[in-house]
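K.L.:
Requesting a structural model of the entry that follows:
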Amino acid sequence: MHYLTHHSTARIPWNKGKLIGQRPPLRLPEIWAIKIQLELAQKTRDLAMFNLAIDFKLRSCDLVKLKVMDISNSSGIANRAMVLQQKTQQPVKFEITSRTKLALTDWIEKAQLAYHDYLFPSRNRNLDHISTRQYARLVKDWVELAGLESAIYGTHSLRRTKATLIYKRTRNLRAVQLLLEHTKIESTVRYLGVEVDDALEMAEQTEI
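P.N.:
Here you go, the predicted model:
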């Protein structure tokens, strides 16, 4: 009788060597470090994409599919835009700040994009727009520009960044909930990673 040895086909755990958990948001010094490096390198597309990703606050699958018409109006880049989320099929509004508008304008002019074109077209002829995998690789490059560990950060870091900054400045969970289109405040709490100490601090500052 023959017996299989233990070393024959050992299955490797899917999470072996990987960091598991919610991706941390970027801090202001890190945001500016990335912006400055992209400007110095004259990476017009990347700067526009990075700025928009911070304002956008939505999933990467929705970001990569944006078209010029989604963020434009008759006078140029809009102050606010709306997108239909792929996952939830719910429309969500987002703001486009002045610096993002400038970066987008520069990119659209440089790439000579038309109104119905994808905002970030793929360089691969088989794809209409960049893929979420390509976007993830770009995010990895960007965080490394700021001297950060790319294994810790990801596309979700950019999605969480502005919402986290707004919360830290205002402590207004309801405002962040509205911006993220969360139906339950508990979802916003989990999304932001609000800790017990934060909640206690907010309670202490509320006189009744």
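K.L.:
How far off centre is the longest helix seen in the chain?
P.N.:
In the chain, assigned by DSSP state H, the helix with the most residues is helix 155-170. Centroid separation for helix 155-170 versus its chain: 9 Å, with Cα atoms, centre = their mean, to the nearest Å.
K.L.:
can you map out the strands along the chain?
P.N.:
72-73, 76-77, 80-84, 91-95 (DSSP state E).
K.L.:
Relative to S98, how far out is the nearest residue to D128 once chain neighbours are set aside?
P.N.:
Leaving out its chain neighbours, the residue that sits closest to D128 by Cβ to Cβ, 6 or more residues apart in numbering is Y118, at 5.6 Å. Bear in mind the C-beta positions are built from the backbone N, C-alpha and C, glycine included. In this view, Y118 and S98 are 24 Å apart by Cβ to Cβ, to the nearest Å.
K.L.:
about what we covered before: beta partners for the residue nearest to D128?
P.N.:
K67 (DSSP bridges).
K.L.:
Would you mind confirming that it makes contact with H129?
P.N.:
Yes: the pair formed by Y118 and H129 meets the contact definition of Cβ atoms under 8 Å, at 3.9 Å.
K.L.:
Find residues that contact each of those two.
P.N.:
By Cβ atoms under 8 Å, 6 or more residues apart in numbering, Y118 and H129 have these common neighbours: K65.
K.L.:
residue ranges of the helices in this structure, please?
P.N.:
28-40, 44-56, 60-63, 98-111, 132-145, 155-170, 173-180, 185-192, 196-204.
K.L.:
so which of those comes closest to V83?
P.N.:
V83 lies closest to helix 60-63 among the helices of the chain, at 5.6 Å (Cβ to Cβ).
K.L.:
tell me which strands and helices the closest one is in contact with?
P.N.:
Judged by 3 or more Cβ pairs under 8 Å, 6 or more residues apart in numbering; DSSP states H and E, the packing partners of helix 60-63 are helix 44-56, helix 132-145.
K.L.:
Try it again at 6 Å.
P.N.:
In this structure, helix 60-63 packs against helix 132-145, with contacts taken as 3 or more Cβ pairs under 6 Å, 6 or more residues apart in numbering; DSSP states H and E.
K.L.:
Name the residues of the longest helix of the chain that are buried.
P.N.:
For helix 155-170, a neighbour-count test (16 or more other Cβ atoms under 10 Å) marks 155-167 as buried.
K.L.:
swap in stretch 172-181?
P.N.:
If you call a residue buried by 16+ other Cβ under 10 Å, then stretch 172-181 has these buried ones: 173, 176-177, 179-181.
K.L.:
what's the lowest-pLDDT member of these?
P.N.:
pLDDT is lowest at E181 among the buried residues of stretch 172-181; the value there is 75.
K.L.:
mind listing what the nearest residue to that residue once chain neighbours are set aside touches?
P.N.:
Leaving aside its chain neighbours, E181 sits nearest to V92 (4.9 Å; criterion: Cβ to Cβ, 6+ apart). The contact partners of V92, by Cβ atoms under 6 Å, 6 or more residues apart in numbering, come to 83, 85, 181.
K.L.:
who does V92 bridge with?
P.N.:
Beta-bridge partners, per DSSP bridges, of V92: V83.
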